[in-house]
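**Student:** Provide a 3D model corresponding to the input given below.
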Amino acid sequence: MSKNFSLDFEVRDYELDMYGVVNNAVYSKYLEHARHSLLNTVGINPARMTRDGQALTLSEISLRFRSPLRSGQRFRVDVSVEKLAGARFVMTQTIVRLPGLELVLEARVTAVFIDERGRPQRIRADIHQALAPYLASTGDG
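**Tutor:** Residues are numbered from 1 along each chain as shown. Here you go, the predicted model:
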């Protein structure tokens, strides 16, 4: 059975736009921070991977905004792995407002493992194994 990785945040004033809501670009930073936290939690260090000749780079990201966040609001970012296949790593992410779990944003993110020349590289077995608990039961891996 798969599980989500979750990370809680609070909106800071400097993340707001002139309309008093979180700037659209900031949501991508929330999502990235949660993805990196998941990787670090399972023992995958992106900086060390790069030094070892492999990197994880985004190839596609889709965001669907549902409801804005405002200063001081608490929220959670959830990450699950939809697919691990070949060189691709596909994740789904949501942002929900706390405490009521109102949906704020839905995202689908595709990352590709690449070698030092920038060419796609198959996901190593140790990385696949570390991420397997977060792999959605409907995904194929």
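**Student:** quick one: secondary structure of Leu103?
**Tutor:** strand (DSSP: H, G, I helix; E, B strand; the rest coil).
**Student:** same check, this time on Ala25
**Tutor:** Per three-state DSSP, Ala25 ends up helix.
**Student:** how far away is it from Thr92?
**Tutor:** Distance, Ala25 to Thr92, by CB to CB, to the nearest Å: 20 Å. To be clear about C-beta, it is placed using only N, CA and C from the backbone, and glycine gets the same treatment.
**Student:** higher neighbour count, the two?
**Tutor:** It is Thr92, of Ala25 and Thr92, that has more neighbours when counted by other CB atoms under 10 Å, with 18 against 9.
**Student:** quick one, what contacts the closest residue to Arg70 other than its chain neighbours?
**Tutor:** In space, and not counting its chain neighbours, Arg70 is closest to Val21: 5.8 Å by CB to CB, 6 or more residues apart in numbering. Val21 is in contact with 68-70, counting by CB atoms under 8 Å, 6 or more residues apart in numbering.
**Student:** give me the low-pLDDT residue ranges for this protein?
**Tutor:** 1-2, 138-141 (pLDDT under 70).
**Student:** spatially central residue (nearest the centroid) of it, please.
**Tutor:** Arg35 (3.3 Å; CA atoms, centre = their mean).
**Student:** show me what contacts that one?
**Tutor:** Contacts of Arg35 by CB under 8 Å, 6+ apart are 79, 91, 93, 109.
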